[in-house]
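1. how would this look folded up:
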Amino acid sequence: MNIAIKILDKRLGTIYPLPRYESAAAAGMDLRALTSGDVVIKAGASLLVPTGFAMHIADPNVCAVVLPRSGLGFKHGIVLGNLTGLIDADYQGQLFVPLWNRSDTDFTLHEGERMAQLVFLPIIRATLTPVEEFDISERATAGFGSTGQR
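-> Numbering: from 1, shown residues only. A predicted model of the protein is given here:
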């Protein structure tokens, strides 16, 4: 499968590495903040951060998701403003990452800092069929917490 990634920012690939997998078993590519200098995300505030590149997946059997970096969330309270970003195969624009500072302390995001990760996923398309009732399963309608805690 080929995915076209067009670079909009001349710093990517020269000053800062292109998005890449940071280890052989990494599921996601790290996305960097391609801001014009360092920016402060005030406590409780959100900021839409450019990544410096555009992409077009094109294959309708593939999508991408933008996920937070666990270290930023745990250590600094920096998570995605929309919690998870979904990129459809027909989107063709620059990627922006909505960062939310859920902590009570301002956070300085440095230009070029790794801030989120991009994961590509296969798509399974479902067909919805109305029915009168379901075949009973072991779980049935038991919901939240019904399978226990331990």
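
2. is it fair to say Lys75 lies in a helix?
-> Yes. According to DSSP: H, G, I helix; E, B strand; the rest coil, Lys75 belongs to a helix.

3. Retrieve the pLDDT associated with it.
-> Looking at Lys75, its pLDDT stands at 96.

4. Count residues in the vicinity of it, would you?
-> Burial measure for Lys75: 11 neighbouring residues, criterion other Cβ atoms under 10 Å. For glycine as for every other residue, the C-beta is placed from the backbone atoms N, C-alpha and C.

5. how much space between it and Tyr16?
-> The span separating Lys75 from Tyr16 equals 22 Å under the rule Cβ to Cβ, to the nearest Å.

6. now swap in Thr127 and tell me
-> 44 Å.

7. The two: which is more packed in?
-> Neighbour count, other Cβ under 10 Å: between Thr127 and Tyr16, Tyr16 has more, with 17 against 4.

8. That one - nearest residue in space that isn't next to it in sequence?
-> For Tyr16, the nearest residue in space outside its immediate sequence neighbours is Gly112; the separation is 4.5 Å by Cβ to Cβ, 6 or more residues apart in numbering.

9. My understanding was that the one you found contacts Arg32; is that so?
-> Yes. In this structure, Gly112 sits in contact with Arg32. The criterion is Cβ atoms under 8 Å, and the distance is 5.4 Å.

10. Give me the common contacts of these two.
-> Overlap of the contact sets of Gly112 and Arg32 (by Cβ atoms under 8 Å, 6 or more residues apart in numbering) consists of Tyr16.

11. the more surrounded of these two?
-> Looking at Gly112 and Arg32 with other Cβ under 10 Å, you find the greater number of neighbours at Arg32, namely 26 against 17.

12. Let me see the mean pLDDT of stretch 104-120.
-> Here the mean pLDDT over stretch 104-120 is 97, rounded to a whole number.

13. buried residues in it?
-> Buried residues in stretch 104-120, counted by 16 or more other Cβ atoms under 10 Å: Phe107, Leu109, Gly112, Glu113, Arg114, Met115, Ala116, Gln117, Leu118, Phe120.

14. Same check on stretch 44-51?
-> Residues of stretch 44-51 classed as buried by neighbour count (16+ other Cβ under 10 Å): Ser46, Leu47, Val49, Pro50, Thr51.
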